[in-house]
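# sequence? don't have it. structure:
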């Protein structure tokens, strides 16, 4: 008898999918609670030692939830954080969520299914779901919000109960099936393959809110935008959004391959970190920060004639003091993360005396995700996929992100048995062009 997974792979119609029962167990990438202390005192917290792939029980659906057969997913830096159990063990997040009781109690398990990106097929809907049905092709926003919380009605990201799916919740996207809220779903762009569609929502949505959304830096035409890590998961989308919006993207990268990637994405100026003398210890030496900032500012002024209006920050401790220094008088540093450390030290005189602003930004609300998806669906923003791994090799895929060897996004095939599947609008794909849709695929990872 055909299984639900086989039917999804074969592109079966909705009525056939409805007639097949979900499996009692499914394959997933997960962590074990018993391993949470394994890296204490260890210098190299190698994620390949903590990440596992195996069978986990299928959870029951809440009324506002949807079961998605995940065709493809992607690695984000929060997968690294989860797998090294820092800065907090994500099992603490699961316990906190479960304390609400009711349906939330399901999340507190001795295992944590990871993954905050996904593209796939709706195969079941909860009794309260109105706008989605079996057979719909979807991508998944990483944000889960509490729609009964007042702040959520102003901005989903302001709610105290807002959580990142697959990081602060269980049943994430690095699996054959995922449990998501209906309020996370977005239509999959028809011209993209499963893995191309899966790699966009978290990073592209985050970059959109930081730069374009009315709660971010509000970039305008002509703005010079300094983008750290311009060839990484976040930076590669930031470059496109700046270029599309009439800005001037200035990218900082760490290797020749990443420099080429940044140029292909549209960077007007590409700077190697070595040119500015920015080392791991620079942030600890105020004089070194000033010197690095002067070198960086000098290069930007030489190339574009003025200082940056906006700095796109997500690197954190290693770059933040330079960002505050180098942005122009009245300019904005917008930050969404700190992959090199959360404790930032900077000279506050350059902030207050030059009337600069720092804006904190986190993921994207559903409206922002839909606006970003409109750009993707029209071919105006393209995937930044550089490598694709099978789910069985999730540990190696995540290690490449942990060690910063990746370029753009790293995709993961889940139920899809090969790359290139899932395209339902070949005419648009032809108009956008294979070369543009695969800008980074021939760039080898850095050693």
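Nice, thanks for sending it over. Note that this is a predicted model, so its numbers are computed, not measured.
# by contact count, what packs against the helix or strand where residue 239 lies?
Assigned by DSSP states H and E, residue 239 belongs to helix 235-244. Applying 3 or more C-beta pairs under 8 Å, 6 or more residues apart in numbering; DSSP states H and E, one finds that helix 235-244 contacts helix 201-211, strand 224-228, strand 248-253, helix 256-265. The C-beta positions use only the backbone N, C-alpha and C, and glycine is treated the same way.
# Using JSON lines, please lay out those together with mean pLDDT.
As requested, these are arranged in JSON lines below (pLDDT from 0 to 100):
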{"stretch": "helix 201-211", "mean pLDDT": "98"}
{"stretch": "strand 224-228", "mean pLDDT": "98"}
{"stretch": "strand 248-253", "mean pLDDT": "98"}
{"stretch": "helix 256-265", "mean pLDDT": "96"}
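# wait, residue 346 sits on residue 326?
No: at 11.1 Å, residue 346 does not count as touching residue 326 under the criterion of C-beta atoms under 8 Å.
# These two: which has the busier surroundings?
Using other C-beta atoms under 10 Å, the more surrounded residue of residue 346 and residue 326 is residue 326, with 25 against 18.
# Please give me every residue in contact with that one.
Contacts for residue 326 were tallied using C-beta atoms under 8 Å, 6 or more residues apart in numbering; they are 226, 293, 296-297, 300, 307-308, 311.
# Any chance of TSV for the helices and strands packed on helix 235-244, columns mean neighbour count?
Putting the helices and strands packed on helix 235-244 into TSV (neighbours: other C-beta atoms under 10 Å) gives the following:
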stretch	mean neighbour count
helix 201-211	28
strand 224-228	28
strand 248-253	27
helix 256-265	21
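# Tabulate these in JSON lines, adding columns for distance to residue 286.
Formatted as JSON lines, the helices and strands packed on helix 235-244 follow (distance: least, C-beta to C-beta, whole Å):
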{"stretch": "helix 201-211", "distance to residue 286": "27"}
{"stretch": "strand 224-228", "distance to residue 286": "20"}
{"stretch": "strand 248-253", "distance to residue 286": "20"}
{"stretch": "helix 256-265", "distance to residue 286": "28"}
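# quick one, which of the ones you listed is nearest to residue 34?
With C-beta to C-beta as the measure, helix 201-211 is the member of those nearest residue 34 (28.1 Å).
# got the angle between the closest one and strand 224-228?
Comparing the axes of helix 201-211 and strand 224-228 via axes from the mean of the first three to the mean of the last three C-alpha atoms, to 10 degrees yields an angle of 140 degrees.
# between the contacts of residue 326, which is nearest residue 272?
When these are compared for distance to residue 272 (C-beta to C-beta), residue 296 comes out closest, at 11.1 Å.
# The helix or strand where that closest one lies to strand 224-228, inter-axis angle?
Under DSSP H and E, the secondary-structure element containing residue 296 is helix 286-304. Helix 286-304 and strand 224-228 meet at an angle of 130 degrees, taking the same axes, to 10 degrees as the criterion.
# which residues in the stretch 51-200 of the chain form helices?
Per DSSP state H, counting those that start in this stretch, the stretch 51-200 of the chain carries helices over the ranges 77-84, 90-98, 150-154, 194-198.
# before we move on, the earlier item: nearest to residue 116, of the helices and strands packed on helix 235-244?
Distances from residue 116 to each of the helices and strands packed on helix 235-244 were compared by C-beta to C-beta, and the smallest falls on helix 201-211, at 5.3 Å.
# I'd guessed residue 85 sits against residue 36; true?
Yes: Residue 85 is within contact range of residue 36, at 5.0 Å (criterion: C-beta under 8 Å).
# Between the two, tell me which one has more neighbours.
Relative neighbour count places residue 85 above the other of residue 85 and residue 36, with 21 against 17, counting by other C-beta under 10 Å.
# measure the more buried one to residue 91 for me?
8 Å (C-beta to C-beta, to the nearest Å).
# how deep is residue 394 tucked in, by neighbour count?
One way to gauge burial is a neighbour count; for residue 394, by other C-beta under 10 Å, it gives 29.
# Next, it: secondary structure please.
Three-state assignment for residue 394 (DSSP: H, G, I helix; E, B strand; the rest coil): helix.
# Apart from its chain neighbours, what residue comes closest to it?
Counting by C-beta to C-beta, 6 or more residues apart in numbering, residue 394 lies nearest to residue 29, which is 4.4 Å off, once chain neighbours are set aside.
# Look up phi and psi at that neighbour.
Main-chain torsions, residue 29, degrees, to the nearest 10: phi -90, psi 130.
# these two touch, right, it and residue 115?
Yes: if you go by C-beta under 8 Å, residue 29 and residue 115 touch, sitting 6.7 Å apart.
# Now list whatever residues contact both of these two.
Overlap between the contact sets of residue 29 and residue 115, as judged by C-beta under 8 Å, 6+ apart, is given by 174-175.
# between residue 85 and residue 36, what contacts are shared?
None of the residues lies in contact with both residue 85 and residue 36 under the rule C-beta under 8 Å, 6+ apart.
# for residue 28, helix, strand, or coil?
Using three-state DSSP, the secondary structure recorded for residue 28 is strand.
# residues near it, how many?
The tally of other residues near residue 28 (other C-beta under 10 Å) stands at 29.
# Need the winner for burial among the helices of the stretch 51-200 of the chain.
Neighbour counts averaged per stretch over the helices of the stretch 51-200 of the chain are highest for helix 194-198, at a mean of 31; criterion: mean count of other C-beta atoms under 10 Å.
# who touches the closest residue to residue 188 other than its chain neighbours in this structure?
Nearest non-adjacent residue to residue 188, counting by C-beta to C-beta, 6+ apart: residue 137, 4.2 Å away. Listed by C-beta under 8 Å, 6+ apart, the contact partners of residue 137 are 119-121, 187-188, 190, 422, 424.
# and if we set it to 7 Å?
For residue 137, the contact set (C-beta atoms under 7 Å, 6 or more residues apart in numbering) comprises 121, 188, 424.
# same question, residue 307
With contact set as C-beta under 7 Å, 6+ apart, residue 307 has these partners: 297, 300-301, 326-328.
# hmm, back to that, need the contacts of residue 137 in TSV with distance to residue 253 and neighbour count, can you?
What follows is the contacts of residue 137, written out as TSV (distance: C-beta to C-beta, whole Å; neighbours: other C-beta atoms under 10 Å):
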residue	distance to residue 253	neighbour count
121	37	26
188	30	27
424	35	13
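# closest to residue 317 among these?
If you rank those by distance to residue 317 using C-beta to C-beta, residue 188 comes first, at 36.7 Å.
# Residue 197 versus that closest one, what's the distance?
Here residue 188 is placed at a distance of 5 Å from residue 197 (C-beta to C-beta).
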